[in-house]
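Engineer: what's the 3D shape of this:
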Amino acid sequence: MAIIALDHIQLAMPEGGEGEARLFYAGVLGLEEIPKPQNLAVRGGVWFGRGTVKVHLGIDKDFVPARKAHPGFLVDDLDATIEQILAHGVGIREDEPLEGYSRVYISDPFGNRIELMERTAKAR
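Structural biologist: Have a look, this model is predicted:
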């Protein structure tokens with residue numbers, strides 16, 4: 001057995017949060033909405049993706065935001081990404097340096113932590 005790739009990440013959100021998810025994941029982060037299979041669509045939630053990046057947001061009736069666990073998304077221009085995020089009124093948080101990367105953290109509308117990273121010359 002060998003794990004060969006990551007297919008998607010799943011984050012939780014509260015019931016009825018699909019509109020806010022669309023505004024954030026499509027409008028702020030620039031991901032495209034992916035139609036859910038019909039048999040799963042009845043559960044609610046919403047899926048997004050771009051290239052090999054896939055994010056599934058599922059309904060959790062006992063929702064609690066993931067404030068520590070998080071996806072780390074690589075971006076091609078962190079400074080431009082930060083400008084875009086700030087223009088949408090989303091705050092950023094810096095953290096300790098990580099060798100080989102520039103990075104910041106943001107939260108989705110539900111409080112889930114997201115890391116945005118750009119490789120620096122040392123990491124390439």
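Engineer: how close does Arg103 get to Ile82?
Structural biologist: 11 Å (CB to CB, to the nearest Å). For glycine as for every other residue, the C-beta is placed from the backbone atoms N, C-alpha and C.
Engineer: scratch that, Leu57 is what I was asking about
Structural biologist: With CB to CB as the criterion, Leu57 and Ile82 are 23 Å apart.
Engineer: Tell me the buried residues in the one helix or strand Phe48 maps to?
Structural biologist: Here Phe48, judged by DSSP states H and E, is contained in strand 46-50. Residues Val46, Trp47, Phe48 are the ones in strand 46-50 that count as buried (16 or more other CB atoms under 10 Å).
Engineer: More neighbours: which of Leu57 and Ile82?
Structural biologist: Leu57 (25 against 18; other CB atoms under 10 Å).
Engineer: Next, the buried residues of the helix or strand hosting that one.
Structural biologist: Per DSSP H and E, Leu57 falls inside strand 53-59. Neighbour counts over strand 53-59 (16+ other CB under 10 Å) mark Lys54, Val55, His56, Leu57, Gly58, Ile59 as buried.
Engineer: Pull the distance from that strand to the chain's centre.
Structural biologist: How far strand 53-59 lies from its chain's middle: 8 Å, per CA atoms, centre = their mean, to the nearest Å.
Engineer: got the contact list for the next helix or strand after that strand?
Structural biologist: Using DSSP H and E, the helix or strand that follows strand 53-59 towards the C-terminus is strand 72-74. For strand 72-74, contacts defined as CB atoms under 8 Å, 6 or more residues apart in numbering pick out Leu29, Val53, Arg103, Ile114, Glu115, Leu116, Met117, Glu118, Arg119.
Engineer: Tell me the strands beside strand 72-74, with direction?
Structural biologist: Next to strand 72-74 in the sheet, as set by DSSP bridges, lie strand 113-119 (parallel).
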